[in-house]
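Asks: Whatever this is, show me its structure:
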Amino acid sequence: SFTTVPASSPGAAAQALASLRHQTVVGCLGPSSPLRLGPVQAASCPTAEGPAITWSSEGWTVQVLTLAGSAAATAQARSLATWLVADGLPAAPGGGLVSEVVPGGSAAGDSPTILLAWQRASALVEVRSLDDPEAAVAMASSAAPYAVPAG
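Replies: Predicted coordinates:
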């Protein structure tokens, strides 16, 4: 899905993005280890929800979380890094967020979910997929020029 959520001002949109980042990106509970994912340098660490791989790119925070799992989803993170480099992330002067959640056990679901969110002027733009991270990345990349609210 693709959504543009209007805010009352650029500052309000920035606050909405910061709040979403706080709700979505999980913090490390132990030491992190460097990890090379093809085109990007990342870090892997344990969290309360499962192992996470996190990196930054041009103001974007990217995280792949293995929900209720014991091993980091390195293959999925590598694929995501490759897609993001190939498709390109939308320009996001206020930063952006990419969060992919990979099931680490049957209680965590059966398919990965992904959220891409960024601020454009006085709006928060979100692209979500419940089962196709590559399609969500492609949609965000292709929708970026059209995500500017009117007015």
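Asks: got the contact list for the helix or strand where Ala42 lies?
Replies: For Ala42, the host element (DSSP states H and E) is strand 40-45. Contact partners of strand 40-45, identified using CB atoms under 8 Å, 6 or more residues apart in numbering, comprise 28-36, 51-55, 57, 62, 72, 74, 77, 81, 85. C-betas here are computed from N, CA, C, even on glycine.
Asks: out of those residues, which are buried?
Replies: Among these, those scoring as buried are Leu35, Pro51, Ala52, Ile53, Thr54, Trp55, Ser57, Val62, Ala72, Thr74, Ala77, Ala81 (criterion: 16 or more other CB atoms under 10 Å).
Asks: Can you list the buried residues in the strand holding Ala42?
Replies: Applying 16+ other CB under 10 Å to strand 40-45 flags Val40, Ala42, Ser44, Cys45 as buried.
Asks: Report the strands that pair with it, each with its relative direction.
Replies: Strand 40-45 sits in its sheet next to strand 33-37 (antiparallel), strand 52-57 (antiparallel), going by DSSP bridges.
Asks: avg pLDDT for that strand?
Replies: Strand 40-45 carries an average pLDDT of 97.
Asks: And for stretch 14-23?
Replies: On average, the pLDDT along stretch 14-23 is 96.
Asks: pull the CA atoms of that stretch into CSV?
Replies: Output of stretch 14-23 as CSV, limited to C-alpha atoms (Å, rounded to 0.1, in the frame of the first residue of the first chain):
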residue,chain,number,x,y,z
ALA,A,14,9.1,15.4,11.0
GLN,A,15,7.7,14.6,14.4
ALA,A,16,5.4,11.9,12.9
LEU,A,17,8.4,10.3,11.2
ALA,A,18,10.5,10.4,14.4
SER,A,19,7.6,8.8,16.3
LEU,A,20,7.3,6.1,13.7
ARG,A,21,11.0,5.4,13.8
HIS,A,22,10.9,5.2,17.6
GLN,A,23,8.0,2.7,17.4
